[in-house]
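*Asks:* Take this sequence and fold it.
(one chain, ligands or ions: 1)
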Amino acid sequence: MQNISTKQALRRALADKRSGRIVFVPTMGALHEGHASLLRQARELAGAEGCVVASIFLNPVQFDNAGDLASYPSTPEADLKLCETCGVDIAFTPDPASMYEGDRSISLEETNLSTALCGATRPGHFAGVCLVVNKLFNLVQPTDAIFGKKDYQQLAILRRMVRDLDIPITLHGAEIVREADGLARSSRNVRLTPEHRAAAPAIRQNLLAAKQAYETGTNADDVRRDLTAALEAIPGVRVDYAELVDAETLHELRTPASPALLAVAAWFGDVRLIDNIELQRA
Ligand code: AMP
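*Replies:* Sure thing, here's the model as predicted:
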């Protein structure tokens, strides 16, 4: 595996790899089993002939909260080891100063899907995501890129970006990887207190109960209300949102038969966790 930290060296390393598939997995580091699953899927998709590129870049532009950025975990050595174990060919690890010009003046804003869910409480977050992913796409120029459904809204917005800007890259959504007790794996989980860590799996349990209620006929408003009440009863939690939305538009369900999504964001102390579950009514 090559570890590359400049744009120039990345372009050079990729120059003779363009005959096959180049599969890209962007990350912010502090890698865990969720990331590993994306990297392994990338290796499989690329095949023996193709090339797997992972970026590890804590993108300051997508953080709407300085404290969250400052306390974001960082495990650079373990990250590189995990990449190597998962079959990554190139780890791209730029620093912020080399990624962004001091007087950058272009922004990239998705104006529809970004207004819902996390976009409503994290101003500028998805514009920062679109900007960095677009830059990384231009640097790597992959054939394919893999994103986790844990960040469901991010994946939906990036699909829009690729569609609306005619970016010639195929996006793949990967299933959520969880701890044995159901908590979605997240780099932020290590920052939970033992009490909060013990309480957090209740998010998943309540999402499963709400899914069952919805799929057996309970109406959307009741599901949303009961889920919110159940989440608010978790010790130590502050619910940011609990929404039942159309899985494609991320806005209100168009018809009861549309594929739907239950999405939750909840604070435990100063740690914000997200999770979601897809729903389908027969
Ligand atoms: P991050 O480092 O948090 O920006 O995540 C990098 C990629 O890994 C994103 O596409 C995430 O959706 C994905 N990811 C993070 N956690 C998980 C998880 N538990 N299961 C599946 N994918 C994940």
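*Asks:* can we go C-alpha only for contacts and neighbour counts from here?
*Replies:* Noted.
*Asks:* residues from the protein in reach of the ligand?
*Replies:* Proximity of the chain to the ligand, by Cα under 6 Å from any ligand atom, involves residues 26-29, 34-35, 147-151, 175-178, 184-186.
*Asks:* let's go with 8 Å and repeat that
*Replies:* Contact residues, the chain versus the ligand (Cα under 8 Å from any ligand atom): 25-35, 37-38, 56, 58, 146-152, 154-155, 174-178, 184-187.
*Asks:* Can you select the buried ones from those in ChimeraX?
*Replies:* A single ChimeraX command selects the buried members of the residues of the chain next to the ligand (16 or more other Cα atoms under 10 Å):
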select :25,26,27,28,29,30,31,34,35,37,38,56,58,146,147,148,149,150,151,152,154,155,174,176,177,178,184,185,186,187
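*Asks:* do you know how far the residue nearest to residue 228 when sequence neighbours are not counted is from residue 196?
*Replies:* Nearest residue to residue 228, sequence neighbours excluded (Cα to Cα, 6 or more residues apart in numbering): residue 242, at 5.8 Å. Separation of residue 242 from residue 196 (Cα to Cα, to the nearest Å): 19 Å.
*Asks:* out of those two, which sits in the busier spot?
*Replies:* residue 242 (25 against 19; other Cα atoms under 10 Å).
*Asks:* so when I look at the more buried one, I'm seeing a helix, right?
*Replies:* No: using DSSP: H, G, I helix; E, B strand; the rest coil, the assignment for residue 242 is strand, not a helix.
*Asks:* Report the separation between the residue nearest to residue 228 and the ligand.
*Replies:* 19 Å (Cα to the nearest ligand atom, to the nearest Å).
*Asks:* now residue 134
*Replies:* 14 Å.
*Asks:* Provide a list of residues in contact with that residue.
*Replies:* Neighbour list for residue 134: empty [criterion: Cα atoms under 8 Å, 6 or more residues apart in numbering].
*Asks:* again with residue 17
*Replies:* 50-51.
*Asks:* Ok, residue 147 next?
*Replies:* 25-26, 38, 155, 171-174.
*Asks:* swap in residue 107?
*Replies:* Residue 107 touches 127-128, 131, counting by Cα under 8 Å, 6+ apart.
*Asks:* Tell me where the stretch 51-200 of the chain has strands.
*Replies:* 51-56, 90-92, 144-148, 170-174 (DSSP state E, counting those that start in this stretch).
*Asks:* Identify the residues contacting the shortest one?
*Replies:* Residues from elsewhere that reach strand 90-92 (Cα under 8 Å, 6+ apart): 1-6, 10, 51-56, 80, 83.
*Asks:* Most neighbours among those residues, which one?
*Replies:* residue 52 (30 neighbours).
*Asks:* how about the helices of this structure, start to end?
*Replies:* Taking DSSP state H as the test, the helices found in the chain are 7-14, 33-46, 66-70, 76-85, 96-99, 117-121, 125-140, 152-164, 194-199, 202-215, 220-232.
*Asks:* wait, residue 76 sits on residue 28?
*Replies:* No: distance between residue 76 and residue 28: 10.4 Å, which falls outside the contact criterion (Cα atoms under 8 Å).
*Asks:* circling back: and of the contacts of strand 90-92, the nearest to residue 268?
*Replies:* residue 56 (25.9 Å; Cα to Cα).
*Asks:* Can you list the neighbours in contact with stretch 66-85?
*Replies:* 1, 29-31, 36, 39, 54, 60, 63, 91, 187-188.
*Asks:* and the residue nearest to residue 228, bridged to which residues?
*Replies:* residue 264 (DSSP bridges).
*Asks:* That'll do, ta.
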